[in-house]
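Novice: Could you work out the structure for the sequence below:
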Amino acid sequence: MKLLSYKSIIFTTTIILLTGCGNDYFAVEKKSKIEINDKVTKYCEANHYSFCEIYARCYNNVSSYLSLSAKYRLKFISEAASDPQYSPNNTMDIVYSKLKDSESKLKDGESKLKNNKEELKENLILYYSLVLYPHNKCSSIIGAKQYDISRHNNIIQKSLDRKRSWVIIKRKRDE
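Specialist: Numbering: from 1, shown residues only. You can find the predicted model right below:
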């Protein structure tokens, strides 16, 4: 009887995967990338920069090398829109101020033992840094200011390395 239930589980899983129900992740990623492109382009155009399409393409290309999924990048860019001082032309300023706010909150709690809240704040610092990193890499295209995220270079590098190793493993598997 156990064998029958085991086979039915495998059969059901196979049917779900073959029908495409498991591929919703890629659709969400694609939609998120399109929305990020729109938000980054609006930021650029609101500041009256030239070459906004090239900047947005560069931003997305650099972002694709980071291990943070588009869904989460979109979440942190969209968070800027919930700020009371939001306007499309200060999107990156708000993301940077949220990064600084997260840093100061983490500094305030340094004397305490590490707990889930501190780990959450460290993750927020990582996420905000990973949103600003592509901007800094592409800002010369439009002549925008860069933000000082140099103290987070080690976590950004780890993200880049994680993505590179994942790509290398995937390529080896495909060969």
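Novice: how about the helices of this structure, start to end?
Specialist: Remark: helices assigned in the chain by DSSP state H are 2-18, 24-46, 52-63, 70-81, 91-108, 116-142, 153-174.
Novice: Just send these back as CSV, with mean pLDDT and mean neighbour count too.
Specialist: Just so you know, the C-beta spots here come from the backbone N, C-alpha and C atoms, and that holds for glycine as well. Shown next, in CSV, are the helices of the chain (pLDDT from 0 to 100; neighbours: other C-beta atoms under 10 Å):
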stretch, mean pLDDT, mean neighbour count
helix 2-18, 59, 10
helix 24-46, 86, 16
helix 52-63, 94, 18
helix 70-81, 82, 18
helix 91-108, 88, 18
helix 116-142, 84, 19
helix 153-174, 79, 12
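Novice: list the contacts for Y55?
Specialist: By C-beta atoms under 8 Å, 6 or more residues apart in numbering, Y55 lies in contact with 40-41, 44, 49, 138-139, 141-142.
Novice: Can you tell me which of those residues is closest to S87?
Specialist: Distance to S87 across the contacts of Y55 (C-beta to C-beta) is lowest for C44, with 13.4 Å.
Novice: Show the contacting residues for the nearest residue to the closest one once chain neighbours are set aside.
Specialist: Once flanking residues are discounted, C44 sits nearest to C52: 3.7 Å by C-beta to C-beta, 6 or more residues apart in numbering. By C-beta under 8 Å, 6+ apart, the residues touching C52 are 41, 44-45, 142.
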